[in-house]
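Chemist: Okay, predicted coordinates and the sequence, questions at the end:
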Amino acid sequence: MDQQTAYAIYADRRARVAAQLGPGGIAIVPTAPERTRNRDSEYLFRFDSYFYYLTGFTEPRGWLVITAEGHTTLFCQPKDLEREIWDGIRLGPQAAPDTLGVSEAFSVDELDARLPRLLENRQTVWFPFAIHGGLESRIDGWLQKVRARVRYGALCPDAQRDLCGIVDEMRLVKDAHEIGIMKRAAQISAQAHIRAMQRCARMIRAGEDVREYHLDAELLHEFRQHGSQYPAYGSIVAAGANACVLHYRADNAPVRDGELVLIDAGCELDGYASDITRTFPANGRFTGPQRDLYNLVLASQAAAVEATRPGKRFVDPHDATVRVLAQGMLDLGLLDRNDVGHLDDVIEKRHYFRHYMHRTGHWLGLDVHDCGSYVEPGELGQLNERKDPLSGEVIKDRPSRILRPGMVLTIEPGLYVSPAADVPKAFWNLGIRIEDDAVVTPEGCELITRGVPVEADEIEALMRS
Ligand code: GLY
Ligand code: MN
Ligand code: MN
């Protein structure tokens, strides 16, 4: 890719934002702050997703300004040979216009001096609301400086609007460039899951003391080996009953022969997340009850996949999943028909919630729980009120988002069985989730994470090899 092609994607996105700012609009987008971990050590820097989406620029301390007329200004770290010896090469404002395609660039040290002038005579300031602590007051300070010049004839913007509304809609539908990266991220993550499964079976067969962190190490190895910069979120590696803790993090618990292991892990590649969960028997062979529950979750996922296509709504895969899971809970005795009644009662009164307490998916993209409204924008006015059968709370719902090609979402049903006298003992402490990443296509959806198998027999075969 030559320079111009490389930045054309971002320049085009900035132009699309500019076109939506309205007369006199101006947008301000900072990247993420650097964060201290302890004393003088910092967390690895991760750019802000909005800033990156509009610039492709990964250095800290960057700011982007876009006017409605399409003029773009980047503020970035100045060249500084001494700092660059310690921290690495900086692009610098002189090279930024050619490299990134912005109209002009200045040192971030000039931000406070230049921003009031950029804001002068504009009508509306757009910035991401509630993302960057302190941004509102920073902008207020700049606006104060503009107000001080009003008596000399300057106009001060009199409206502030949330830029997320515009950019979220753009980010929700991925372009070919983004889908290409997400497919590569998904492949790397799939290989990482395979590697962790195989290591687990090998160690169990050899009678070694397997710990959750051994499997985490395999994931990290595979991520980095293929160029992923970091995990897209804290990897969950949960052995046995730990799988019933939804946000359990890889730790040092022993992984025992006969237990299931749940791994929810995905790499981030060039800013884009992948998000895969697989549940497998530590020793490579499902027991009967494990397989029964596993196949139920898998069947519920298949129903959700079937409901993931253009024209369907975001809630449809969830509703399809719940129907299959609820029926299975009745069939397997996880719910007692005498207590909960028939399938429709289980769904309507949310009895299934006892064993399935999360949603079936979320948008995926630069953020693992990506931005994008879950409500259909054209139907905002249609408000439905209902009473939640469990909490009694009155919930106001709007029509769920209609799926379109290019949207990317996860499909991740699960079952989590806590010990209880009214549940067959064979299922106690089993936690199962199966999660794949789906790109909505014109015909349906493509599961981009199936490089790691999901069928029970295929998992067993993989773990034998
Ligand atoms: N790994 C986070 C999630 O599945 O939502
Ligand atoms: Mn997920
Ligand atoms: Mn996940």
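Modeler: Great, that's in hand. Ligands and ions are numbered 1, 2, ... in the order given.
Chemist: For the rest of this, base every contact and every neighbour count on C-alpha atoms.
Modeler: Noted.
Chemist: so what's the spatially most central residue of the chain up against?
Modeler: In the chain, the residue lying closest to the centroid (Cα atoms, centre = their mean) is residue 368, at 1.2 Å. By Cα atoms under 8 Å, 6 or more residues apart in numbering, the contact set of residue 368 is 232, 233, 272, 273, 274, 275.
Chemist: and it, that one's in a helix?
Modeler: No. Assessed with DSSP: H, G, I helix; E, B strand; the rest coil, residue 368 is coil; it does not lie in a helix.
Chemist: Show me what from the stretch 51-200 of the chain comes close to ligand 3.
Modeler: With the criterion set to Cα under 5 Å from the ion, the stretch 51-200 of the chain never comes near ligand 3.
Chemist: need the contact list for the residue in the stretch 51-200 of the chain that ligand 3 sits nearest to.
Modeler: Closest residue of the stretch 51-200 of the chain to ligand 3, Cα to the ion: residue 189 (11.4 Å). Neighbour list for residue 189: 219, 222, 223, 265, 266, 267, 274, 275, 276, 449 [criterion: Cα under 8 Å, 6+ apart].
Chemist: Can you mark which positions in the helix or strand residue 317 falls within are buried?
Modeler: Applying DSSP states H and E as the criterion places residue 317 in helix 315-332. Judged by neighbour count (16 or more other Cα atoms under 10 Å), helix 315-332 contains these buried residues: 315-330, 332.
Chemist: ok, now stretch 356-369?
Modeler: So stretch 356-369, judged by 16+ other Cα under 10 Å, has buried residues 356, 359, 360, 361, 362, 363, 364, 365, 366, 367, 368, 369.
Chemist: Turn the contacts of residue 368 into TSV, including neighbour count, distance to ligand 3 and secondary structure.
Modeler: As requested, the contacts of residue 368 are exported to TSV (neighbours: other Cα atoms under 10 Å; distance: Cα to the ion, whole Å; DSSP: H, G, I helix; E, B strand; the rest coil):
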residue	neighbour count	distance to ligand 3	secondary structure
232	21	10	coil
233	17	8	coil
272	24	14	strand
273	28	10	strand
274	32	8	coil
275	29	5	coil
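Chemist: for the helix or strand containing residue 438, packing partners?
Modeler: According to DSSP H and E, residue 438 maps onto strand 436-440. If contacts are counted by 3 or more Cα pairs under 8 Å, 6 or more residues apart in numbering; DSSP states H and E, strand 436-440 sits against strand 276-281, strand 408-411, strand 445-447.
Chemist: Out of those, which is closest to ligand 3?
Modeler: Proximity to ligand 3 (Cα to the ion) singles out strand 276-281 among the helices and strands packed on strand 436-440, at 5.3 Å.
Chemist: Enumerate the positions of the closest one that are buried.
Modeler: Neighbour counts over strand 276-281 (16+ other Cα under 10 Å) mark 276, 277, 278, 279, 280, 281 as buried.
Chemist: What separation is there between the last one and residue 10?
Modeler: In this case it means residue 281. According to Cα to Cα, to the nearest Å, residue 281 stands 45 Å off from residue 10.
Chemist: Now do the contacts for the residue in the stretch 301-450 of the chain that ligand 3 sits nearest to.
Modeler: Relative to ligand 3, the nearest point of the stretch 301-450 of the chain is residue 435 (6.4 Å; Cα to the ion). By Cα under 8 Å, 6+ apart, residue 435 lies in contact with 264, 275, 276, 277, 278, 410, 411, 412, 413.
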